[in-house]
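Colleague: the sequence and its predicted three-dimensional model are supplied below.
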Amino acid sequence: MLLKPGITSVAWLAAAEAYLECKLFADQSKKALEEAKDRLVALSSHTSEAGGGVTVTRCWRKGSIDYSTVPALAGIDLDEYRGAPKEEVRVCAVDK
């Protein structure tokens with residue numbers, strides 16, 4: 001990935017450093033959280049179980065519909081049913 005020369009102001013670099021430190025911590029925390037969740041799920045065998053301030057609930061939901069495979073919708077522009085656009089802001093860590 002080619003990057004343009006970045007912003008080098010002291011404020012930007014400090015914010016970028018804080019972001020990268022927090023992202024590392026969050027990534028490690030996410031992994032630990034998933035491992036703890038997996039242990040709880042493995043220990044549960046009923047629809048709903050609770051203990052130690054945690055509840056594990058198993059439920060089923062219907063699968064999503066792949067509208068592109070519905071023959072009755074072929075050739076129909078579904079964009080008129082789409083909601084308003086929403087801004088998405090993404091912050092990514094990049095290799096130096």
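Modeller: Done, it's in. Residues are numbered from 1 along each chain as shown.
Colleague: other SSEs contacting the helix or strand encompassing Leu33?
Modeller: Element membership for Leu33 (DSSP states H and E) is helix 10-43. Counting contacts by 3 or more CB pairs under 8 Å, 6 or more residues apart in numbering; DSSP states H and E, helix 10-43 packs against strand 54-57. In short, each C-beta sits where N, CA and C put it, glycine included.
Colleague: list the strands paired with the strand it packs on, with their directions.
Modeller: Looking at strand 54-57 with DSSP bridges, its partner strands are strand 48-51 (antiparallel).
Colleague: check the offset of the strand it pairs with from the chain's centre.
Modeller: The chain centroid and the centroid of strand 48-51 are separated by 26 Å, computed with CA atoms, centre = their mean, to the nearest Å.
Colleague: do the same with stretch 9-24
Modeller: 21 Å.
Colleague: again, but for stretch 43-53
Modeller: For stretch 43-53, the distance to the chain centre is 25 Å (CA atoms, centre = their mean).
Colleague: so what's Leu20 up against?
Modeller: With contact set as CB atoms under 8 Å, 6 or more residues apart in numbering, Leu20 has these partners: Ala93.
Colleague: ok, it to Ala84 distance?
Modeller: According to CB to CB, to the nearest Å, Leu20 and Ala84 sit 33 Å apart.
Colleague: now Gly75
Modeller: Counting by CB to CB - Gly75 and Ala84 are separated by 25 Å.
Colleague: tell me where the model's unsure across the protein.
Modeller: 1-5, 96 (pLDDT under 70).
Colleague: go again with 90.
Modeller: Low-confidence segments of the chain (pLDDT under 90): 1-10, 12, 58-61, 67-68, 75, 78-82, 87-96.
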